[in-house]
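Asks: I would like the atomic coordinates for the input below:
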Amino acid sequence: MILLALAAAIPGVFWDGAPDTAPALRDAGVQRIFVSAAQAAAWKGIPGLEVATADLAKATKLRTPAVNYRYDQASASRAPWLDSNGWRFLRLPQARFYYDAAGPGAALAAAEAFAWRADALVKTDAAGLAPLAQMLAFARGLETPAGLQPVADFGFIDDGAAITGEVMNLLVRDNLLFRLVRAPDPTLKLTVKIGDKAYPIDKAKNPGVMAHLIRADLNDDRRSLRIYGTAVVVARLEAAPERLRVHVLNYDTARKVDGQRVRVPGEFPKHHVAAAGSPDAGLIDYAAGSGATEFTLPELKTYAVIDLMK
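Replies: Residues are numbered from 1 along each chain as shown. Below you'll find the model as predicted:
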């Protein structure tokens with residue numbers, strides 16, 4: 001299990017409305033916004049709001065996180081397609097990103113960026129203001145344990161190619177934990193380089209096949225995070241001395257996930273769960289023994305953070 005330091009960040013709200021929309025922002029619970037430089041003077045001195053400027057032209061635009069069930073494709077075995085941006089955060093760790101996410105997608109966008117500790121702005125509409133503000137308040141209310149760092153099971157050499165990015169995307173969606181490396185690292189369980197003999201380009205042309213090949217080489221028994229029973233949840237794992245933090249994101253904004261089962265290595269008898277929109281969230285079927293900890297989150301609406309402690 002390899003760790004890499006990563007700082008926490010709260011996403012920002014980018015707003016292109018006129019100053020007369022300030023009451024709607026305040027009513028939704030938005031306390032701080034980013035506007036374009038051209039609008040800065042008009043927004044100066046608006047009470048109850050902190051206003052900063054941002055240039056979206058200098059930011060990397062992301063897809064609105066969501067799930068596509070592909071009802072138009074007749075295949076009983078076809079998994080839903082997730083629009084997830086985790087691989088982009090890994091590829092461009094120093095970049096500023098932005099989402100153009102309407103309605104409930106704005107809250108999921110903010111949760112995704114926060115879970116990945118990305119520098120991101122969320123541009124939304126009137127329907128997205130309240131859900132977005134609620135998610136940001138939830139993120140601000142989470143304590144970050146000292147020394148918390150992301151966990152990776154294997155290294156991935158990124159050559160910047162589009163096909164490599166698609167493989168990274170599938171790995172993230174399949175909850176396979178990796179970090180980018182420039183060369184094989186003997187401390188990692190596995191190092192992947194697309195184009196090597198073990199991971200040929202022809203197989204990478206089908207990213208799903210390549211992801212399954214990498215998973216088989218890693219071996220499920222060596223994975224630091226296992227998610228069971230759903231294809232619409234993406235998770236991250238962070239660690240600090242004597243504790244783990246599990247981030248779980250439901251990419252289906254229309255449906256909650258019931259009975260989300262999680263397994264991590266190590267025995268953590270104590271736990272705490274915080275779930276956006278579920279103040280009374282708890283865990284069931286909690287078991288810490290035989291070298292592993294397993295539990296079920298009964299309900300996942302959008303985003304939950306589970307802290308496991310020795």
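Asks: got a list of what the most centrally placed residue in the chain touches?
Replies: Centroid-nearest residue in the chain: Glu112, 3.7 Å away (criterion: Cα atoms, centre = their mean). If a contact means Cβ atoms under 8 Å, 6 or more residues apart in numbering, then Glu112 has 65, 84-86, 118, 249 as its contacts. Where you see a C-beta, it was placed from the backbone N, CA and C, and this is true even at glycine.
Asks: 7 Å instead, please
Replies: Residues near Glu112 by Cβ atoms under 7 Å, 6 or more residues apart in numbering: 65, 85, 249.
Asks: Compare those residues and tell me which is most surrounded.
Replies: The most crowded member of those, judged by other Cβ atoms under 10 Å, is Pro65 (27 neighbours).
Asks: tell me the contacts of it?
Replies: 83-85, 105, 108-109, 112, 251.
Asks: Redo these as JSON lines? Include pLDDT.
Replies: Listed next are those as JSON lines, based on pLDDT from 0 to 100:
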{"residue": "Asp83", "pLDDT": "93"}
{"residue": "Ser84", "pLDDT": "96"}
{"residue": "Asn85", "pLDDT": "97"}
{"residue": "Gly105", "pLDDT": "95"}
{"residue": "Leu108", "pLDDT": "98"}
{"residue": "Ala109", "pLDDT": "98"}
{"residue": "Glu112", "pLDDT": "98"}
{"residue": "Tyr251", "pLDDT": "96"}
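Asks: that older thread, quick one, phi/psi of the residue nearest to the centre of the chain?
Replies: phi -60, psi -50 (degrees, to the nearest 10).
Asks: same check, this time on the one 4 residues further on
Replies: Summarising the backbone geometry of Trp116 under the convention degrees, to the nearest 10, its torsions are phi -90, psi 0.
Asks: Flag every buried residue along the biggest helix by length in the chain.
Replies: Counting by DSSP state H, the longest helix found in the chain is helix 126-140. Under the neighbour-count criterion of 16 or more other Cβ atoms under 10 Å, helix 126-140 has 128-136, 138-139 buried.
Asks: thinking again about what came up before, please tabulate the contacts of Pro65 in TSV, including the columns distance to Val262 and secondary structure.
Replies: TSV is the format used below for those (distance: Cβ to Cβ, whole Å; DSSP: H, G, I helix; E, B strand; the rest coil):
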residue	distance to Val262	secondary structure
Asp83	23	strand
Ser84	18	coil
Asn85	22	coil
Gly105	25	helix
Leu108	19	helix
Ala109	23	helix
Glu112	18	helix
Tyr251	16	coil
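Asks: Nearest to Asp221 among those?
Replies: Ser84 (25.2 Å; Cβ to Cβ).
Asks: my read is Ile33 is in a strand, agree?
Replies: Yes: per DSSP: H, G, I helix; E, B strand; the rest coil, Ile33 lies within a strand segment.
Asks: Just want the phi and psi numbers for the nearest residue in space to it that is not next to it in sequence.
Replies: Nearest residue to Ile33, sequence neighbours excluded (Cβ to Cβ, 6 or more residues apart in numbering): Trp15, at 4.4 Å. Backbone torsions of Trp15, given as degrees, to the nearest 10, read phi -130, psi 130.
Asks: Quick check: the gap between Trp15 and Gln149.
Replies: From Trp15 over to Gln149 the distance is 33 Å, taken as Cβ to Cβ, to the nearest Å.
Asks: now swap in Phe156 and tell me
Replies: On the measure of Cβ to Cβ, Phe156 and Gln149 end up 18 Å apart.
Asks: Neighbour count: the two, which is higher?
Replies: Phe156 (24 against 14).
Asks: Could I get the full set of helices for the stretch 51-200 of the chain?
Replies: 86-91, 105-115, 126-140, 162-173 (DSSP state H, counting those that start in this stretch).
Asks: Can you give the distance from the second one to the centre of its chain?
Replies: With Cα atoms, centre = their mean, to the nearest Å as the basis, helix 105-115 stands 7 Å off its chain's centre.
Asks: One more: the last one?
Replies: The gap between where helix 162-173 is centred and where its chain is centred comes out at 15 Å by Cα atoms, centre = their mean.
Asks: Compile the helices of the stretch 51-200 of the chain into CSV and extend it with columns for distance to Tyr98.
Replies: CSV is the format used below for the helices of the stretch 51-200 of the chain (distance: least, Cβ to Cβ, whole Å):
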stretch, distance to Tyr98
helix 86-91, 12
helix 105-115, 9
helix 126-140, 13
helix 162-173, 19
